[in-house]
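K.L.:
sequence plus predicted model, see below.
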Amino acid sequence: MTNIAPELPPPGLEHVPEGGAVGPVQSGWRLAIREFAQNRLAVLGLGALIFFVIFCYLGPYFYHGGLTSDLTATNVPPSIGHPLGTDNQGFDVLEELMVGGRNALEIGFLSALIGMVIGAVWGAVAGLAGGLLDGFLMRIVDVLLSIPFLFVVLIVAVRFGATVLGLSVIIGIFTWQVPARLVRGEVLTLRVRDFVAAARAAGASRSRLINRHLLPNALGVIIVTATFAVADAILAVATLGFLGYGLHYPTFDWGDMLNNGVTYLQDGYWWQIYPVGICIIVVVMACNLIGDALRDALDVRLRRR
Amino acid sequence: MTAYLIRRSATAVVVLFGVSIFIFFMLHVIYPTPAIDVLGAHANKFSIAQWNQQHGFDEPWIEQYLRYLNQLLHGNLGYSYKLNQSVAALFQERWLRSAYLSGITLLLSVLIAIPLGIYQAVRRNTAGDAVVTTGAFVTYAMPDFFLYLIAIQVFAITIPIFSYEGPQTTSMWSIIFDWRAMTLPIVCLTLLELAGYSRYMRSAAIDTLAQDYIKAARAKGLPERLVLWRHLVRNAFLPMITLIGLSIPALLAGNLVCEAVFNFPGLGLLFYDALGTADYPILLAYTLVGAVLVVVGNFVADISLTVADPRIRLV
């Protein structure tokens, strides 16, 4: 293909490109951040997420509603001493929300991290290797993607019990397949680009190629997937807890709180159900909003799930 | 086309093999032998070892796997010693009820999502679009059980129009006609699925609306109704085919929670009850069936897409 030289502006005239004057050249990341900041919903989502991090981690230092069983004050409706009432054990619902939220956020971020690390490496190796190894690695991805992961998480939780670390690992194990596919696709398009050929010609080793050239370029895809993965993990843990196979006392968990609250659905103890449900929805929605905006900002074409 | 079909089927078979290996691996780790369930919790380890030997549970895992695979191919999904029934028989008794629940919600959500998505695409960035988009976004982020709880709280307890649980009969006809018990599960599941489908339909319709053939159809003076029905719907529906195929696992998992909350006597409730009794043969067989459905669903979606979209056949 021949390159058509851009028409030079006639001498003496100031050249103004189509679409107005451009400022100094900006890096892709800075542009992405600016575009993200212009998306009002995304900033709202980020704000909500930051609020929840502060609420869950710093909240208990300022607010002590009581997380010890108090059988003289069970199912107390919202009042001055307990703004969101107490549950059937006499635990203060507001403080339970704070402490339970920590676990939700931790499992969400940890499992997403595990998933992204495995997925990035797996996808990069498959995309670079090509051939039989690529086929084999991607069939493993296909197999694991076919397994309904909620069932497996439930079975493992029934057999081995649920802990924060255990849940993060098992959810992470079922999170890396989508990023692996996406990173592989990204690597397949990147590996034929000139800068990769140049690096190769300069004698870059395979691991250097992956770490320095391919992964940074595939980072956009990974970050976007990670945001959605956090949301999915939080939903999965909540479902697990709601069904009664998640984290239990002395660990606090939003799903577990709902599971307790459901018993009193007919008694109208709304404060045991709605606050925690709304917390889950807001956190998940915040992650989804951030993910959507990042996808637009980084111009990542990918489909959810 | 034939080459594609063969290649696609071969991949599906390979993946199915992989799935069977994965499930067998889980079975091996989690429930290596049913001896405890057969002999009772107080069996001593010699009788357990003897039972394992007699029934081949001490053989190398590869032999056990081949036996397991052979059984699967003959339709034997395992035996629940806790219910003293074969898993296949348990599934056979219940699958139709779950299929009815899933099928009717799938049908309803697709039938609503198509016009809704097109309405949103045509009237995009209006108040109506914003309302539907927001509703879909919130529903999408909502844990499914929370929606069931709200529905039960409002429509079964505060205003008792509907029943708070699913039909408690085993007769298919009374399940179909028991609208008091079926309305809440069906409506809730439909809303949840609709949240995903309408988002896709909206973006697919917006993409299609920007195509040249839509402009050409409008330019030649085709009435808007015909533009929408002949050109927009048929093209915008294509991505939905894939989505419907991909949503089968979500449908199944969704059914698990839905059936557990509404106490609907389907496969999901069987799984839920089996969780309580740690009845691993049922749990793993259900996971296997779910995985197989996913593979089959993807396969059918790919094939239907090839049939529906001539552009793909060229590849």
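P.N.:
Great, that's in hand. What you are looking at is a predicted structure, and each value in this text was computed from that prediction instead of being measured. Residues are numbered from 1 along each chain as shown, chains lettered A, B, ... in the order given.
K.L.:
from here on, contacts and neighbour counts on C-alpha atoms
P.N.:
Will do.
K.L.:
where do the helices sit along the stretch 1-150 of chain A?
P.N.:
Along the stretch 1-150 of chain A, the segments classed as helices by DSSP state H, counting those that start in this stretch run A:28-38, A:40-57, A:59-62, A:93-129, A:131-146, A:149-160.
K.L.:
I'd like the next helix or strand past the longest helix that chain B contains.
P.N.:
Residue-count comparison of every helix in chain B, with assignments taken from DSSP state H, identifies helix B:87-122 as the longest. Once the chain leaves helix B:87-122, the next helix or strand it forms, by DSSP states H and E, is helix B:127-141.
K.L.:
what comes up buried for that following helix?
P.N.:
B:129, B:132-133, B:136-141 (16 or more other Cα atoms under 10 Å in any protein chain shown).
K.L.:
that one to helix B:87-122, inter-axis angle?
P.N.:
Taking axes from the mean of the first three to the mean of the last three Cα atoms, to 10 degrees, one finds that helix B:127-141 is oriented at 150 degrees with respect to helix B:87-122.
K.L.:
how far out from the middle of the chain is helix B:127-141?
P.N.:
With Cα atoms, centre = their mean, to the nearest Å as the basis, the distance from the averaged C-alpha position of helix B:127-141 to the chain average is 23 Å.
K.L.:
could I have it exported to PDB, CA atoms only?
P.N.:
Output for helix B:127-141, consisting of C-alpha atoms alone and laid out as PDB, is shown next (Å, rounded to 0.1, in the frame of the first residue of the first chain):
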ATOM      1  CA  ALA B 127     -37.400  10.000  28.700                       C
ATOM      2  CA  GLY B 128     -39.000   6.700  27.900                       C
ATOM      3  CA  ASP B 129     -35.600   5.200  26.900                       C
ATOM      4  CA  ALA B 130     -34.000   6.600  30.100                       C
ATOM      5  CA  VAL B 131     -36.700   5.000  32.300                       C
ATOM      6  CA  VAL B 132     -36.300   1.600  30.700                       C
ATOM      7  CA  THR B 133     -32.500   1.700  30.600                       C
ATOM      8  CA  THR B 134     -32.400   2.700  34.300                       C
ATOM      9  CA  GLY B 135     -34.900   0.000  35.200                       C
ATOM     10  CA  ALA B 136     -32.900  -2.600  33.300                       C
ATOM     11  CA  PHE B 137     -29.600  -1.400  34.900                       C
ATOM     12  CA  VAL B 138     -30.900  -1.700  38.400                       C
ATOM     13  CA  THR B 139     -32.500  -5.100  37.800                       C
ATOM     14  CA  TYR B 140     -29.300  -6.300  36.300                       C
ATOM     15  CA  ALA B 141     -27.300  -5.300  39.400                       C
END
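K.L.:
can the helix or strand just after it be said to contact chain A?
P.N.:
If you walk from helix B:127-141 toward the C-terminus, the next helix or strand you reach (DSSP H and E) is helix B:144-152. Yes. When contact is scored as Cα under 8 Å from any Cα of the partner chain, part of helix B:144-152 falls within range of chain A: B:145-146, B:149.
K.L.:
up against chain A, what does the stretch 1-150 of chain B have?
P.N.:
Counting by Cα under 8 Å from any Cα, the residues of the stretch 1-150 of chain B close to chain A are B:14-16, B:18-19, B:30, B:137-138, B:141-143, B:145-146, B:149.
K.L.:
need the buried ones from these selected in PyMOL.
P.N.:
PyMOL command restricting those to the buried ones, with burial defined by 16+ other Cα under 10 Å:
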select buried, chain B and resi 15+16+18+19+30+137+138+141+142+143+145+146+149
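K.L.:
for chain B, what are the nearby residues on the stretch 201-305 of chain A?
P.N.:
If contacts are counted using Cα under 8 Å from any Cα, the residues of the stretch 201-305 of chain A sitting beside chain B are A:235, A:238-239, A:242-243, A:262, A:265-266, A:277, A:280-282, A:284-285, A:288.
K.L.:
what's the burial count for A:Gly123?
P.N.:
A:Gly123 has 29 neighbouring residues, counting by other Cα atoms under 10 Å in any protein chain shown.
K.L.:
ok, it to chain B distance?
P.N.:
Spatial separation of A:Gly123 from chain B under the definition Cα to the nearest Cα, to the nearest Å is 18 Å.
K.L.:
which residues sit in contact with that residue?
P.N.:
A:Gly123 makes contact with A:179-185, A:187 under the criterion Cα atoms under 8 Å, 6 or more residues apart in numbering or on different chains.
K.L.:
closest one of these to A:His248?
P.N.:
Relative to A:His248, the closest of these is A:Pro179; by Cα to Cα it sits at 31.1 Å.
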